[in-house]
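# Sequence and predicted structure, then a few things I'm wondering about:
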Amino acid sequence: MSALAADSRPLAAPTALRPMREEDLDAVHAVEVRSYEFPWSVGIFRDCLRADYPAWVLLQDGRIVGYFLMSIAAGEAHVLNVCVDPGVQGRGLGRHLLRALLHIARGRHAERVFLEVRPSNGGAIALYYSEGFNEIGRRPRYYPARDGREDALVMAIELLPPE
């Protein structure tokens, strides 16, 4: 019998979070391709690992179902990519990833975290607002889009120091 959340959606199965490894790249890329019309290449993920950017995968039943990558420098973190496989979205996994990302950024002494998000991605925007991010600007024509280019909303959150 499966447990149900208050909103009647099935709860996610137990998950594990661990650093991304080179051998994860094919599975990560497969999630990326299922998630985005304009996905990153395997090479971009590989370059992020080689640059030693914080990169983590979310596992469910031993299978990669999400991930995030960020850069951290000079007290600032920049979210490069955060993604949950479309087949398991809507179960709180994106929130779990985002909170883990913020925890890691705080532990590495980031004072603020920045990200870009498509204005058309209402679900992600709602998640970011609910976790304390605020819109601070816009980058015109930032993302590729079917009809040319799409702006990016720039969002940020100020972090408290680790306890």
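Thanks, I have the structure now. Numbers count the residues shown, from 1 in each chain.
# Quantify the burial of the closest residue to Arg63 other than its chain neighbours by counting its neighbouring residues.
In this structure, Arg63 finds its nearest non-sequential neighbour in Ala27, 7.5 Å apart by Cβ to Cβ, 6 or more residues apart in numbering. The way it works is simple: take the backbone N, C-alpha and C, and place the C-beta from them, glycine included. Around Ala27 there are 17 other residues, counting by other Cβ atoms under 10 Å.
# List the buried residues of the helix or strand where Ala27 lies.
Assigned by DSSP states H and E, Ala27 belongs to helix 25-35. Neighbour-count burial for helix 25-35, counted by 16 or more other Cβ atoms under 10 Å, picks out 25, 27-29, 31-32, 35.
# From those, pick the one nearest Asp52.
Leu25 (15.3 Å; Cβ to Cβ).
# now this structure, which segments are flagged as low pLDDT?
For the chain, applying pLDDT under 70 flags the ranges 1-14, 162-163.
# What ranges does it have for its strands?
Counting by DSSP state E, one finds strands in the chain at the ranges 15-19, 55-60, 63-73, 76-84, 112-117, 134-145, 148-158.
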